[in-house]
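A.B. asks: Sequence unavailable; structure follows:
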């Protein structure tokens, strides 16, 4: 009589059982164990959050650098503008490139300053006439046509500096970009009345 019953055989005092993996049920059990296995789950979960996490960390650093750049540009513009106010630029015949050089010599985080910075210097008879220059053209890009008029003794002068700061992180660009190409325009301005320095 043939019964489909797995038997246990004893040989030399040891019991031998049929291999469960050889049966269809054993294959199913093995697949279920692999399916339920949680080994590597932490690695997969970390892979999902790794990109947003590092983008967030990098974004924090980038925002900090942007504010550092603004602070740097404001200090450099104010320091260089003193030379206009006291007549040093007027007496020395310093042109736009010379004044740019004086601004760039005072910055620390604005890379490629002489090429990327734009300077606008306008002179007026009174503070009520001050007009802020337009830095961007109709397409939202930084324009190149600015004036350079340091004025004479007693005149009111407005010095404006513009710098295009590149934004790398897409998350940062969404909130900080103010240009058509996705970059951030840094701007610093200082207004003052020239001292009564001698014109000769």
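C.D. replies: Nice, I can see it. Since the model is a prediction, treat every value here as computed from it, not as a measurement. Numbering: from 1, shown residues only.
A.B. asks: partners of the helix or strand where residue 158 lies in the sheet?
C.D. replies: Using DSSP states H and E, residue 158 sits within strand 156-165. Neighbouring strands of strand 156-165 in its sheet, by DSSP bridges, are strand 118-124 (antiparallel), strand 184-193 (antiparallel).
A.B. asks: got those strands as TSV, with mean neighbour count columns?
C.D. replies: Where C-beta positions appear, they are placed from N, C-alpha and C, glycine not excepted. Formatted as TSV, these follow (neighbours: other CB atoms under 10 Å):
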stretch	mean neighbour count
strand 118-124	20
strand 184-193	18
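A.B. asks: Looking at the ones you listed, spot the one closest to residue 78.
C.D. replies: Set against residue 78 and scored by CB to CB, the strands paired with strand 156-165 come closest in strand 184-193, at 5.1 Å.
A.B. asks: hmm, who's touching the closest one?
C.D. replies: Strand 184-193 is contacted by residues 66, 69-70, 73-74, 76-78, 81, 85, 110, 127, 130, 132, 135-136, 142, 154-165, 167, 176-179 when judged by CB atoms under 8 Å, 6 or more residues apart in numbering.
A.B. asks: Just the buried ones among the residues you listed, please.
C.D. replies: 66, 69-70, 73-74, 76-78, 81, 85, 110, 135, 142, 155-165, 167, 176-177, 179 (16 or more other CB atoms under 10 Å).
A.B. asks: tell me the mean pLDDT over the longest helix out of those in the chain?
C.D. replies: Using DSSP state H to define each element, the chain has its longest helix at helix 41-85. If you average the pLDDT over helix 41-85, you get 89.
A.B. asks: Distance from the chain centre to it, please.
C.D. replies: Its chain's C-alpha centre and that of helix 41-85 lie 5 Å apart, by CA atoms, centre = their mean, to the nearest Å.
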